[in-house]
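Chemist: Okay, sequence plus prediction incoming.
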Amino acid sequence: MLFNDPIFLFIFLPIVVILFHWIRRDVGGGASMVLIVAASIFFYGWWNPPYLLLLLGSVLFNYAVTHQLLKSPSRLLLIVGVLANIAVLGYFKYRNFFMENIGLLLGEGWQFEEIFIPLAISFFTFQQVALLVDAHDGQIKRVKFLDFATFVILFPQLIAGPIVLYREMDKQFQSLRNGSGAGLSLFGLGVVTFILGLFKKVALADGIAPFADSVFAVADQLTMLEAWGGVIAYTLQLYFDFSGYSDMAVGLGMMFGLLLPINFNLPYRATSMIDFWKRWHITMTRFFMMYLYSPIALSVMRKSILNDWSKQKQFLLGIVVPIIITFLVSGLWHGAAWTFVAFGAVNALGLVVNHLWKEWQLPRPHIFFGWLLTMLTIMVSFVYFRADSIANANLIILTMMDPASFIFPNWLSYYADYLGMPWHTLSVFSSGTYTVRMVGWIVVLALLSLLLKNRPLHLHEIRPTVGLAISLSVMLWITLGWLDEPSTFIYFQF
Amino acid sequence: MNTQWRKFISVTFPLVFIVVALLAEAISFFLKDIPLRRHDLDRLVVVLEEGKAINAPTVLLGDSITQDVLKNYRVAPIGEVANLTTNKASGVVGSMFLLGRYLEKNIPPKRVVFASTPEFFGYDPEGKAAEIYLTSVFNKTEEQRWLLKYMSNVFDDQKIEPAILNIEGKIGYKILALLTSTPDSLIEGSEVSNQMPVLESSSIHPSVQRGINSRSNNPLILSKIVEHALTTICKTLPETDLYFVLAPMPETTYLKRKEKSEIKKIKNKLLKQLKNSCLKVGFIDINEHRVFPDIAMRDSDHLKRPGWTAEYARLLKQIIKEIESDYSQALQ
């Protein structure tokens, strides 16, 4: 079930919200948690019932391991638990990729039948891996099964995050169970946040998506301006799609009295790569920083102190290598394809350059230059993220940089002739109307991406005024008008 | 939830939500008679509705290859040909409705010329294209009746759509139409020279060649709906001759179609179908008189500008002249 599916919006959600608060008030917090777990199981099973077994099996296994780790922390058990999770993820998501690439290395053209990847497997695997590590490290004292199941399966965040840590949820679960939780106090803000997210997804992201798609579909026929237009359009689509989803998840959480962490904080205002990754997919970055980057960087640091390494060696092994490993893994986490590895690599390169700049104490660039450089880097990385193949991504990037492919569309032939420039019937900018619409979408969404604050971060600023009701009503009506063909969220594939 | 939020969620928001919908409905009601101007077809309809009578002896219909040429070149003296060409999206049905709108203000022409690709006769508008280029443009009662009878798959007269759920179509485009000037005459290019133009001979882009190859492989068919539309035209204009001029096709496509006798088949089908309902039906294949090499195309369906488009305009001008003289002779 998608958050933008009418069945979810008009049937599932109202029923679950009403039942949840009724049971919470009249029966008890524990019973309302049982309801939300049951509803979440139904929500997940709606998509593909057989894979429910995998999800439930994963929950039971990880609960058993967590329980054991809390009783007697054992490094071996932790390794077994983490490896078991990675193995399941690897089988479903990476088996074909690795086998096909091994085949290529051996000169064999192995082809495997496509394996259906269970929805949300990357998300629920990572949340549980984090939980196992926290249980082993003593960050968590005790876990009740109901809390554990709610933490993993909770439908607002099950499919595409935010990637939640158990330690930020357990107190909220306890309060909910005890009847001292937020109750309905966050409900109004939840509705506001959810509608804003729905609007971002359905009206903004889906509105600009056809323009981005039209460019990436004809990577070999683009001119310079078309390539730029498509890449900028996709950069905006990805932001509004995923931040829209994240706002909906946070809003849903609030409707049930739960505060989920935010995932975005005006990322396109970032003026450096370090700044960007503090603002983009914040919970994923946090996960990788806590459970991959920091352990590597700390162990290197320890060795560097013991062995008295030079500053350069410290920088190389303590910062550059962990960044590269972290971002290559994070790229691969998004999908089993070289395009995602390249996406990680471009970001790693950008971050390394950013750290080098700081390390060498080079003059701080003008804020606009920093912003421009950051945007260019992330746009290049998003080309790999979106393209069907590395070759197509390279082609698009080369076209963006190739002045020879600057060709006027035929409908501007008069001006092209006047300027002595070449013109042609173009694949994407085939008509003036289409091009003007695309440019209009880009301008409006670019402004919104820079100006529209992420509401969950500014809850205190939201007041229940008539102005808010008008804005929400307009957004909701526009969204409902576009709901006839709900499209999936980009991050659902991960 | 504090009192303020409780009031907001249970009263203010639902109330405003309904008021916004009613307001949109009211705005849409006041704008309902504003004709849309989203694309060339909308503007053409506005000209036919609001412009002066033309009363041309020849009405020229056709798809984008001809429309593209006629935007730049005139193929007859002013007032002799009414240019009602449009793009493929509205189909022959759209051309039929355009002719119907033309006849509301003008006397019936002596001849109607369809100058189009042969694929135009196999195309039926569907989905979004049908909505944008057909059902939302031609919404008079008799047009809707025709659509209901022959194209009920794209037209649903039972559909009630509140304005708030189609703000773009029912309000946005109408406001845009108010902000733009009203077109008052048909598009007329400059008169095409009788001299052969300088033709472009540069190489062909691989993607264009792929498009041409793919076009060649699509079979040529005559749609049932198109048959109905053409028959309707003939019944509406019992004293008018109907001519089909097959527009330039890239050589590869033309030869393949010839090889499979597709041109002959579609010609025979058209002539047979309209034999009993039209006064006179003529069929002229421009490609028989002039080869259009693949390099003449800027994409699979359109000619390069300015040379090859001028050449098509020149040939079309000759053909229309010949048709006119033939008609005059017939009168004598």
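Modeler: That came through, no problem.

Chemist: ok, residue A:141 to chain B distance?
Modeler: Separation of residue A:141 from chain B (CB to the nearest CB, to the nearest Å): 32 Å. All C-beta atoms are positioned from the backbone trio N, CA, C, and that covers glycine.

Chemist: Check the secondary structure at that residue for me.
Modeler: At residue A:141 the chain is in coil, as set by DSSP: H, G, I helix; E, B strand; the rest coil.

Chemist: Next up, the contacts around it.
Modeler: residue A:70 (CB atoms under 8 Å, 6 or more residues apart in numbering or on different chains).

Chemist: repeat for residue B:288
Modeler: No contacts exist for residue B:288 under CB under 8 Å, 6+ apart.

Chemist: any residue of stretch B:210-225 up close to chain A?
Modeler: No - using CB under 8 Å from any CB of the partner chain, stretch B:210-225 stays clear of chain A, coming no nearer than 9.1 Å.

Chemist: got the CA coordinates for that stretch in PDB?
Modeler: Taking C-alpha atoms only, stretch B:210-225 is exported to PDB below (Å, rounded to 0.1, in the frame of the first residue of the first chain):
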ATOM      1  CA  ARG B 210      16.200   5.000 -36.200                       C
ATOM      2  CA  GLY B 211      12.800   6.800 -36.100                       C
ATOM      3  CA  ILE B 212      12.400   6.500 -39.800                       C
ATOM      4  CA  ASN B 213      13.200   2.800 -39.700                       C
ATOM      5  CA  SER B 214      10.700   2.300 -36.900                       C
ATOM      6  CA  ARG B 215       8.100   4.300 -38.800                       C
ATOM      7  CA  SER B 216       8.600   2.000 -41.800                       C
ATOM      8  CA  ASN B 217       7.900  -1.100 -39.700                       C
ATOM      9  CA  ASN B 218       4.600   0.100 -38.400                       C
ATOM     10  CA  PRO B 219       1.800  -1.200 -40.600                       C
ATOM     11  CA  LEU B 220      -0.600   1.200 -42.300                       C
ATOM     12  CA  ILE B 221      -4.200   0.800 -41.400                       C
ATOM     13  CA  LEU B 222      -7.500   2.600 -41.900                       C
ATOM     14  CA  SER B 223      -9.300   3.100 -38.700                       C
ATOM     15  CA  LYS B 224     -13.000   2.500 -38.400                       C
ATOM     16  CA  ILE B 225     -13.500   5.800 -36.500                       C
END
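
Chemist: tell me which residues of that stretch are tucked away?
Modeler: For stretch B:210-225, a neighbour-count test (16 or more other CB atoms under 10 Å in any protein chain shown) marks B:211-212, B:215-216, B:220-223, B:225 as buried.

Chemist: Now compare those and name the two farthest from each other.
Modeler: B:212 and B:225 (26.8 Å; CB to CB).

Chemist: Report pLDDT for residue 230.
Modeler: Using chain A. We have a pLDDT of 93 for residue A:230.

Chemist: that's the wrong chain, I wanted chain B
Modeler: Predicted confidence (pLDDT) for residue B:230: 93.

Chemist: quick one: it from chain A, how far?
Modeler: The value you get for residue B:230 to chain A, if CB to the nearest CB is used, is 28 Å.

Chemist: what about that residue, which helix or strand?
Modeler: helix B:224-236 (DSSP states H and E).

Chemist: Show me where chain A dips below the pLDDT cut-off.
Modeler: Along chain A, segments meeting pLDDT under 70 span A:455-457, A:485-494.

Chemist: which helix of it spans the most residues?
Modeler: Across chain A, the longest stretch assigned as helix under DSSP state H is helix A:224-255.

Chemist: sorry, back to before: what's the helix holding residue B:230 in contact with?
Modeler: B:91-93, B:95-96, B:99-100, B:103, B:112, B:121-124, B:146, B:150-151, B:240, B:242, B:270, B:273-274, B:277-279.

Chemist: one step back: report all helices and strands that the longest helix of chain A contacts.
Modeler: Contacts defined by 3 or more CB pairs under 8 Å, 6 or more residues apart in numbering or on different chains; DSSP states H and E place helix A:224-255 against helix A:155-158, helix A:187-199, helix A:206-216, helix A:367-386, helix A:390-401, helix A:432-451.

Chemist: Chain B: which of those is closest?
Modeler: helix A:187-199 (3.6 Å; CB to the nearest CB).

Chemist: Residues of chain A that sit close to chain B?
Modeler: A:183-185, A:187-189, A:191, A:218, A:220-221, A:410, A:413, A:424-425, A:427, A:433, A:463-464, A:466, A:468-470, A:472-474, A:476-478, A:480-481.

Chemist: Which among those residues count as buried?
Modeler: By 16+ other CB under 10 Å, the residues of chain A next to chain B give A:183-184, A:187-189, A:191, A:218, A:221, A:410, A:413, A:424-425, A:427, A:464, A:468-470, A:472-474, A:476-478, A:480-481 as buried.

Chemist: In helices, which of those fall?
Modeler: Going by DSSP H, the helices hold A:187-189, A:191, A:413, A:468-470, A:472-474, A:476-478, A:480-481 from those.

Chemist: Surely residue B:4 is in contact with residue A:464?
Modeler: Yes - counting by CB atoms under 8 Å, residue A:464 is a contact partner of residue B:4 at 5.1 Å.

Chemist: returning to that earlier point: flag every buried residue along the helix holding residue B:230.
Modeler: B:225-234.

Chemist: Ok, stretch A:106-118 next?
Modeler: A:117-118.

Chemist: try stretch A:352-365
Modeler: Taking 16+ other CB under 10 Å as the criterion, stretch A:352-365 shows A:352, A:354-355, A:357 as buried.

Chemist: Go through those and name the one nearest chain B.
Modeler: Distances from chain B to the buried residues of stretch A:352-365, taken by CB to the nearest CB, are shortest for residue A:352, at 38.1 Å.

Chemist: Contacts only, for residue A:273.
Modeler: By CB under 8 Å, 6+ apart, the neighbours of residue A:273 are A:347, A:350-351, A:353-354, A:374, A:377-378.
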